[in-house]
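# here is a sequence with its predicted model. Questions after.
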Amino acid sequence: MDSGVNPGVNSGLNPGLNPGTDVYLAKEIEGAIADDGRTAELGITVDVRAGRVFLRGKVSTTQRKDAVGDVASEHAPTHEIVNEIHVEDPAASASPSTEEERIR
Amino acid sequence: MTCVAAVGDIHLDRDLAGHLRPALEIATTQANLLLVAGDLTRHGTLDEAEVVASELAGLTIPVVVVLGNHDYHSDQQDGVRDILERSGIVVLEGETFITEIDGTTVGVAGAKGFGVGFAGRCASDFGEPEMKAFTRHAKAAAQTLRGALERLDADLRIVMTHYSPVEDTLRGEPPEIWPFLGSYLLAEAADAVGADLYIHGHAHAGTEQGMTAGGISVRNVAQPVLRRPYALYRVGDEASAAAS
């Protein structure tokens, strides 16, 4: 579900209250997380608030979570990265399906 | 009994090698067929395809897949397909697969599909070349699916794409991106020919259950939606009789 949209704005924004530009930085980071070969994650939400970058969503491994944080940090080097991504691997953490659904 | 195990968006890479296999071994004791609805890899590399092949090959039930947009990302989709097929995995892009289960023929028509949006809120074949190319690819994808369905001669008919045919199973995703997640043209193709079940993936934040305008049950089996290794669906007259 990659729209291919990357606003491509300046990533060297000063941290602080920049509500007018924070949204562009957030979208730039979202695009980078989707496009970067280390991450290729399309379901991560990025919010920039008061000089901090908040990362939210789900990935399958701790390594993938850390990689998203690294990419975000590279695009917002002066911001604090708050990595709230949840690690969830449905293939490993859940027991296999035992219930069938009957399709009518 | 016809029981189908289905999952999509498994996004395998070296770091997840071996994760899914134990669950799939159990699936072979529960289902007659395993369907994987695209986005098998993260970036569509040949290396990742080898991981997918190791994970899915050699199961005791047929494994039928379609590719997703991630599997095209490195422009190596033909190589990805070749690796999977050499491992005995059935890859569908406008083709069909038929197997016999307890005297019943069960068929799958599959293709990647594409986005374009949904009736009243979709891209149109108008304007810039890029917009026309986008829309025409969506039309061609739907036509590819319809062609496969028209050739599918089976008692039970299952459709599988990566992209969604309906809005129902996208609920949970931001509506603004629905045109990139699915296409009503896919539902139109399925409804024109008819099917017993429609499987898709792609929408990680979507909803599992939906239905086409023509009454075909649609299931979004993206693994983040299922939150389990796979879903099990019983299809056919026996299922209807048991439920009534």
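Received, thanks.
# which helix runs longest in the chain?
No chain in the question, so chain A it is. If each helix of chain A is counted by residues according to DSSP state H, the longest one is helix A:19-35.
# my question was about chain B
Under DSSP H, chain B gives helix B:129-151 as its longest helix.
# check which helices and strands that one sits against.
strand B:95-101, strand B:104-110, strand B:156-160, helix B:184-193 (3 or more CB pairs under 8 Å, 6 or more residues apart in numbering or on different chains; DSSP states H and E). Bear in mind the C-beta positions are built from the backbone N, C-alpha and C, glycine included.
# hmm, who's touching the lowest-mean-pLDDT helix or strand in chain A?
Lowest on mean pLDDT, DSSP states H and E among the helices and strands of chain A sits helix A:90-93, with a mean of 70. Helix A:90-93 has contacts (CB atoms under 8 Å, 6 or more residues apart in numbering or on different chains) with A:Ser60, B:Ile10, B:Leu16, B:His19, B:Leu20, B:Ala23, B:Gln223, B:Pro224, B:Leu226, B:Arg227, B:Arg228, B:Pro229.
# not counting sequence-adjacent ones, nearest residue to B:Val66?
Excluding the flanking residues, the one nearest B:Val66 by CB to CB, 6 or more residues apart in numbering or on different chains is B:Gly110, at 4.4 Å.
# show the contacting residues for B:Ala140.
Counted by CB under 8 Å, 6+ apart, B:Ala140 has zero contacts.
# residues near B:Asp102, how many?
10 (other CB atoms under 10 Å in any protein chain shown).
# B:Gly58 too?
13.
# of all the contacts of helix A:90-93, which comes closest to A:Asp47?
B:Pro224 (20.2 Å; CB to CB).
# pretty sure the closest one contacts B:His204?
Yes - counting by CB atoms under 8 Å, B:His204 is a contact partner of B:Pro224 at 4.2 Å.
# quick check: buried residues in the longest helix of chain B?
B:Phe134, B:Thr135, B:Ala138, B:Ala141, B:Ala142, B:Thr144, B:Leu145, B:Arg146, B:Gly147, B:Ala148, B:Leu149 (16 or more other CB atoms under 10 Å in any protein chain shown).
# can I get these in CSV with pLDDT and distance to B:Gly44?
Below are the buried residues of helix B:129-151 laid out as CSV (pLDDT from 0 to 100; distance: CB to CB, whole Å):
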residue, pLDDT, distance to B:Gly44
B:Phe134, 95, 20
B:Thr135, 95, 24
B:Ala138, 97, 20
B:Ala141, 98, 17
B:Ala142, 98, 22
B:Thr144, 98, 19
B:Leu145, 98, 21
B:Arg146, 98, 26
B:Gly147, 98, 24
B:Ala148, 98, 22
B:Leu149, 98, 26
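# for those, give me TSV that also has distance to B:Leu33.
Formatted as TSV, the buried residues of helix B:129-151 follow (distance: CB to CB, whole Å):
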residue	distance to B:Leu33
B:Phe134	33
B:Thr135	34
B:Ala138	28
B:Ala141	23
B:Ala142	24
B:Thr144	22
B:Leu145	19
B:Arg146	22
B:Gly147	22
B:Ala148	17
B:Leu149	17
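# wouldn't B:Ala189 be in contact with B:Leu149 here?
Yes - B:Ala189 lies in contact with B:Leu149 (CB under 8 Å); the separation is 6.7 Å.
# ok, the residue most central in space within chain A to B:Ala187 distance?
For chain A, A:Ile44 is the residue whose C-alpha lies nearest the centre (CA atoms, centre = their mean; 3.3 Å). Per CB to CB, to the nearest Å, A:Ile44 is found 29 Å from B:Ala187.
# check A:Asp70 too.
40 Å.
# which one's more surrounded, the two?
B:Ala187 (27 against 14).
# okay, now the residue lying closest to that one once chain neighbours are set aside: neighbour count?
Using CB to CB, 6+ apart and skipping residues adjacent in sequence, the residue nearest B:Ala187 is B:Pro165, 3.7 Å away. When neighbours are defined as other CB under 10 Å, B:Pro165 has 30 of them.
# which residues does B:Pro165 contact?
Counting by CB under 8 Å, 6+ apart, B:Pro165 touches B:Gly113, B:Val159, B:Gly182, B:Ser183, B:Tyr184, B:Leu186, B:Ala187, B:Ala190, B:Tyr198, B:His200, B:Thr212, B:Val218.
# check it and give its pLDDT.
B:Pro165 is assigned 98 on the pLDDT scale.
# show me where the chain has strands.
Here I'm looking at chain A. With strands called from DSSP state E, chain A shows them at A:45-49, A:52-56, A:58-59, A:80-83, A:86-87, A:100-102.
# switch to chain B, that's the one I care about
B:3-7, B:33-37, B:63-66, B:90-91, B:95-101, B:104-110, B:117-118, B:121-122, B:156-160, B:197-200, B:209-211, B:217-220, B:231-234.
# worst mean pLDDT among these?
strand B:121-122 (a mean of 84).
# just checking: what are the partner strands of that one?
Strand B:121-122 sits in its sheet next to strand B:117-118 (antiparallel), going by DSSP bridges.
# filter the contacts of B:Pro165 down to the buried ones.
For the contacts of B:Pro165, a burial check counting by 16+ other CB under 10 Å picks out B:Gly113, B:Val159, B:Gly182, B:Ser183, B:Tyr184, B:Leu186, B:Ala187, B:Ala190, B:Tyr198, B:His200, B:Thr212, B:Val218.
# residues touching the nearest residue to the fourth one once chain neighbours are set aside, list them.
It refers to B:Ser183. Distances taken as CB to CB, 6+ apart place B:Val116 nearest to B:Ser183, at 4.2 Å, with adjacent residues excluded. Contact partners of B:Val116, counting by CB under 8 Å, 6+ apart, are B:Cys122, B:Ala123, B:Phe134, B:Thr135, B:Ala138, B:Lys139, B:Pro179, B:Ser183, B:Tyr184, B:Leu185.
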